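Participant: Model the structure of this input:
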Amino acid sequence: MTYYGGKELAASFRTVRNNTIQIAEEIPEESYSFKPSPDSRSIGQTLAHIAMVTGFQTYVHENQIDSLTKVNFPEYIQKSRAEEDSLRTKAEIVAALKVDGDKFAQFLEGLPESFLSQSVGMMPGAQPAAKSRLEMLMSAKEHEMHHRGQLMVMQRMLGLTPHLTRQMQERMARQAAEAAQAATR
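Facilitator: This is a model prediction of the structure:
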């Protein structure tokens, strides 16, 4: 028995996705074209990428692919980029984040430990040569958090304070007020 299975994976993914959705909703649509550098993705492109990227994990694991050598990467990447490029407006991107996030979380919830423990071969030369399905599925959340960090920096560059920072500031202010009130008793 493990302490971290499909239900826990789904719950943690939902937390990550909900934070991404909040960022997507808070950034004004006119800022979706902002790029921190010429070779970077824009805010909108980054959010569209996040919305679509779980599709690879779903594809591999729903089809019970046991080795990434069986994936036609050029074809898959072309299809994935076309899906990302089809998301043009803030409303389309936010909707995709919600729909695809819910779909992926529901998929994760139903995965039994026996499935999560299966090994999947990586591409030749990769280290490690194989990973468990659990590790691969956890990487979807890690990948999203990586890009969400980029989005938070872009928010700062636009003069916005990310919601997680605001929440921390509010907690600290509340704690300071409680401590000051306790000191006067």
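Participant: Name the SS class of Glu144, please.
Facilitator: With DSSP: H, G, I helix; E, B strand; the rest coil as the basis, Glu144 sits in helix.
Participant: again with Ser33
Facilitator: Relying on three-state DSSP, one would call Ser33 coil.
Participant: show me what contacts it?
Facilitator: Neighbouring residues of Ser33 by C-beta atoms under 8 Å, 6 or more residues apart in numbering: Ser42, Ile43, Gly44. Using the backbone N, CA and C atoms, a C-beta is placed for each residue, glycine as well.
Participant: Can you pull the phi and psi angles for it?
Facilitator: Taking degrees, to the nearest 10, you get phi -90, psi 0 for the backbone angles of Ser33.
Participant: In helices only, show me the contacts of Ser33.
Facilitator: Ile43, Gly44 (DSSP state H).
Participant: out of the contacts of Ser33, which are buried?
Facilitator: Buried members of those, counted by 16 or more other C-beta atoms under 10 Å: Ile43, Gly44.
Participant: could the contacts of Ser33 go into CSV alongside pLDDT?
Facilitator: Formatted as CSV, the contacts of Ser33 follow (pLDDT from 0 to 100):
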residue, pLDDT
Ser42, 98
Ile43, 98
Gly44, 98
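Participant: For the most centrally placed residue in the chain, list the residues it contacts.
Facilitator: Nearest to the geometric centre of the chain sits Glu144, at 2.6 Å (C-alpha atoms, centre = their mean). Listed by C-beta under 8 Å, 6+ apart, the contact set of Glu144 reads Val16, Arg17, Thr20, Ile50, Val53, Thr54.
Participant: Going by distance to Gln64, which of these wins?
Facilitator: Thr54 (17.1 Å; C-beta to C-beta).
Participant: isn't that closest one right up against Phe104?
Facilitator: Yes. Assessed by C-beta atoms under 8 Å, Thr54 is found in contact with Phe104 at 4.2 Å.
Participant: what residues are shared contacts of the two?
Facilitator: Joint contacts of Thr54 and Phe104 (C-beta under 8 Å, 6+ apart) are Ala140.
Participant: Spit out the contact partners of Ile65.
Facilitator: Applying C-beta under 8 Å, 6+ apart, we find Ile65 in contact with Tyr59, Val71, Val120.
Participant: helix, strand or coil for it?
Facilitator: coil.
Participant: Ramachandran angles for it?
Facilitator: phi -70, psi 130.
Participant: how about the strands in this protein?
Facilitator: 119-121, 130-132 (DSSP state E).
Participant: Generate CSV for those strands, with mean neighbour count, mean pLDDT and distance to Arg156 as supplementary columns.
Facilitator: What follows is those, written out as CSV (neighbours: other C-beta atoms under 10 Å; pLDDT from 0 to 100; distance: least, C-beta to C-beta, whole Å):
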stretch, mean neighbour count, mean pLDDT, distance to Arg156
strand 119-121, 16, 97, 37
strand 130-132, 15, 97, 34
